[in-house]
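# got a predicted structure here, sequence first:
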Amino acid sequence: MKKIALEEHFSTPELAGYAYGPGSSMEREGFARFERRLFEIGEERLAAMDQAGIELAVLSVTTPGVQREPDVALAIARARRANDHLASRIHKYPQRFAGFAHLPLQDPLAAADELTRCVRELGFKGAMVNGHTNGHYLDERRFDPFWERVEALGVPVYLHPCDPCDTPRMYDGHRELLGATWSWTVETATHALRLVFAGTFARFPRVTLILGHMGETLPYLLWRLDSRSRMLAAGEPGTPLPSEIIRRNIVVTTTGVCSHASLLCALSALGEERVLFSVDYPYEDCRVAAEFAESAPISTAQLRKLCYENAERLLALGARDSRAAA
Ligand code: MN
């Protein structure tokens with residue numbers, strides 16, 4: 001079955017240095033295993049996509065990119081160059097690649113303007129935000145100009161993991177828990193819950209946030225979030241439950257969680273319109289992800305939604321519908 005994938009990464013020599021070193025869970029040697037495939041946006045990537053039936057990959061800068069840059073002007077310039085580079089590669093393969101904007105959120109208004117440029121002039125489908133920006137989280141009121149623009153443009157924002165800005169003592173001596181194993185999940189789920197509990201989605205109700213990794217554990221925890229939130233919010237009637245906000249404003253992708261148990265939980269908790277196939281290239285294997293999806297114990301209609309129909313609606317890809325669906 002044809003597929004659309006939404007968490008597929010690239011990098012450039014200018015941005016690669018942000019991905020490893022001090023403050024990062026990744027070492028230079030670890031990054032080197034992926035560097036060639038991150039820099040390549042062409043035939044090798046297309047061959048991997050073809051093996052998995054991935055018709056379209058929405059590409060984004062690998063975490064954290066310029067969001068770790070302390071120099072605001074440099075972050076703005078490098079984000080723009082990254083987006084222009086991606087646009088030039090998409091231009092060469094317009095049927096196979098699309099883009100999520102890389103944004104200099106150090107300056108929320110500059111990020112909003114760059115998002116507008118990327119969507120209106122470069123045809124990008126939304127933005128990939130790699131977690132906090134030098135310790136600032138998206139529920140802070142300084143980001144309101146950014147959310148206003150996101151809502152006005154009607155594009156989704158994908159919230160991707162990053163390393164925490166300060167590492168809790170809890171992780172001392174347990175390097176294996178840092179990064180994608182666990183600390184990224186805690187970081188990203190907490191960031192998403194900050195938005196839920198801070199009322200960001202109440203102020204910007206038409207925003208859609210995408211979470212990878214089967215929703216960073218949130219689908220599994222809706223009942224508990226509701227139960228504790230009811231207790232804390234006693235006396236404030238009318239406050240929507242966390243589960244209501246999550247089901248309305250958040251959709252999830254399957255990146256890096258090729259587990260039918262997790263998939264069935266996400267489908268059951270969020271609904272079949274809100275779970276989307278993705279891979280996390282080059283960190284995950286396109287064929288493993290495709291086999292996981294196609295062997296899932298769900299109906300053909302549900303599989304179509306998972307693999308491409310939900311993505312076509314979310315990314316407003318209506319014009320692509322005329323092309324053959326496998
Ligand atoms: Mn990723």
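Received the coordinates, thanks. Numbering: from 1, shown residues only.
# which parts of stretch 236-255 are buried?
For stretch 236-255, the neighbour count (16 or more other CB atoms under 10 Å) marks 239-243, 245-247, 249-255 as buried. In short, each C-beta sits where N, CA and C put it, glycine included.
# so which of those residues belong to helices?
Within those, residues falling in helices by DSSP state H are 242-243, 245-247, 249.
# anything in stretch 131-148 near the ion?
No - Stretch 131-148 stays clear of the ion (CB under 5 Å from the ion), getting no nearer than 11.0 Å.
# and the residue nearest to residue 214 when sequence neighbours are not counted, which of the three is it?
Leaving aside its sequence neighbours, residue 214 sits nearest to residue 257 (CB to CB, 6 or more residues apart in numbering; 4.0 Å). What DSSP: H, G, I helix; E, B strand; the rest coil gives for residue 257 is coil.
# near residue 257, how many other residues are there?
Close neighbours of residue 257, defined as other CB atoms under 10 Å, add up to 21.
# and for the one 10 residues further on?
Around residue 267 sit 20 other residues, with neighbours defined as other CB under 10 Å.
# correct me, but it touches residue 293?
No - contact criterion CB atoms under 8 Å: residue 267 and residue 293 do not qualify, at 11.9 Å.
# strands of the stretch 1-150 of the chain, start to end?
Here the stretch 1-150 of the chain has its strands, by DSSP state E, counting those that start in this stretch, at 3-10, 54-61, 97-101, 126-129.
# what is the first one packed up against?
Meaning strand 3-10. Judged by 3 or more CB pairs under 8 Å, 6 or more residues apart in numbering; DSSP states H and E, strand 3-10 is in contact with helix 28-39, strand 54-61, helix 286-294, helix 310-314.
# between that strand and helix 286-294, how many degrees?
150 degrees (axes from the mean of the first three to the mean of the last three CA atoms, to 10 degrees).
# got the residues of this structure near the ion?
So the chain meets the ion at 7, 280 (CB under 5 Å from the ion).
# could you pull out the helices in the chain for me?
For the chain, applying DSSP H gives helices covering 13-16, 28-39, 43-51, 72-92, 108-120, 144-153, 183-198, 200-203, 218-232, 242-249, 260-270, 286-294, 300-304, 310-314.
# can you count the residues close to residue 178?
There are 17 residues near residue 178, going by other CB under 10 Å.
# repeat that for the one 10 residues further on.
Other residues near residue 188 number 25, with proximity taken as other CB under 10 Å.
# thinking it is in contact with residue 211, fair?
Yes - counting by CB under 8 Å, residue 211 is a contact partner of residue 188 at 6.8 Å.
# overlap in contacts of those two?
Common contact partners of residue 188 and residue 211 (CB atoms under 8 Å, 6 or more residues apart in numbering): residue 159.
# alright, that wraps it up for me.
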